[in-house]
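Asks: Quick one, fold the following:
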Amino acid sequence: MHDYNDLVMNTFRQQKNAGALKGANAIGTAGNKTCGDIIKIYLKINQNDVIENASFKTFGCVSAIASSSITCDLIRGKTVDEALKLTNRDVVDALGGLPPIKIHCSVLAKEAIDDAVKRYRKKQQKGTK
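Replies: Numbering: from 1, shown residues only. Have a look, this model is predicted:
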């Protein structure tokens, strides 16, 4: 068993951002075939490119779920460009640290955001043509 700090465990237990987001207009996924973690991020982005709301569905360990949830908190209220600047280190720091073997979970959360934004922008470009 990995040694998780109280913040990670509380974020995991609460899962306040869990579930599909009604009205989401950007959805991204990321996964790790080695450990089996899969993260799906749902974003509701307004006409000013601000992320009004974010939620997640994650199949994975404590670190994957906690990383997903805290990532939603970190990007809510930010512009899409600001969200893209989020690093996995920001996720780890917001959780007060993760065991070294679990850092990849914070990378997955970042990759899911990047995927959601990429898909959102592609959809936006199609709409302007």
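Asks: any idea of the mean pLDDT for stretch 54-68?
Replies: In this model, stretch 54-68 has a mean pLDDT of 93.
Asks: ok, and what's touching that stretch?
Replies: Residues from elsewhere that reach stretch 54-68, judged by C-beta atoms under 8 Å, 6 or more residues apart in numbering: 2, 4, 8-9, 11-12, 15, 17-21, 24, 35-44, 69, 71-72, 75-76, 91, 95, 98-99, 102, 105-106, 108-109, 112. For the C-beta atoms, the positions are set from N, CA and C on the backbone; glycine is no exception.
Asks: Buried among the residues you listed? Need that as a selection in ChimeraX.
Replies: A single ChimeraX command selects the buried members of these (16 or more other C-beta atoms under 10 Å):
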select :4,8,11,12,17,21,24,35,37,38,39,40,41,42,43,44,69,71,72,75,76,91,95,98,102,105,106,108,109,112
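Asks: Strands - which of the contacts of stretch 54-68 land there?
Replies: When strands are assigned by DSSP state E, the members of the contacts of stretch 54-68 inside them are 38-44.
Asks: okay if I get those residues as TSV plus distance to residue 53?
Replies: Compiled in TSV, these are given as follows (distance: C-beta to C-beta, whole Å):
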residue	distance to residue 53
38	21
39	17
40	15
41	11
42	8
43	7
44	4
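Asks: Just the buried positions in the least confident helix or strand in the chain by mean pLDDT, please.
Replies: With mean pLDDT, DSSP states H and E as the measure, the helix or strand of the chain carrying the lowest mean pLDDT is helix 103-128 (a mean of 89). With burial defined by 16+ other C-beta under 10 Å, the residues of helix 103-128 counted as buried are 103-117, 119-120.
Asks: Closest one of the ones in strands among the contacts of stretch 54-68 to residue 126?
Replies: In terms of C-beta to C-beta, no member of these lies closer to residue 126 than residue 43, at 17.5 Å.
Asks: How about the contacts made by that closest one?
Replies: The neighbours of residue 43, taking C-beta under 8 Å, 6+ apart as the test, are 21, 24-28, 51, 53-54, 75, 113, 116-117, 120.
Asks: can you count the residues close to the closest residue to it other than its chain neighbours?
Replies: In this structure, residue 43 finds its nearest non-sequential neighbour in residue 26, 4.0 Å apart by C-beta to C-beta, 6 or more residues apart in numbering. Neighbour count for residue 26, taken as other C-beta atoms under 10 Å: 24.
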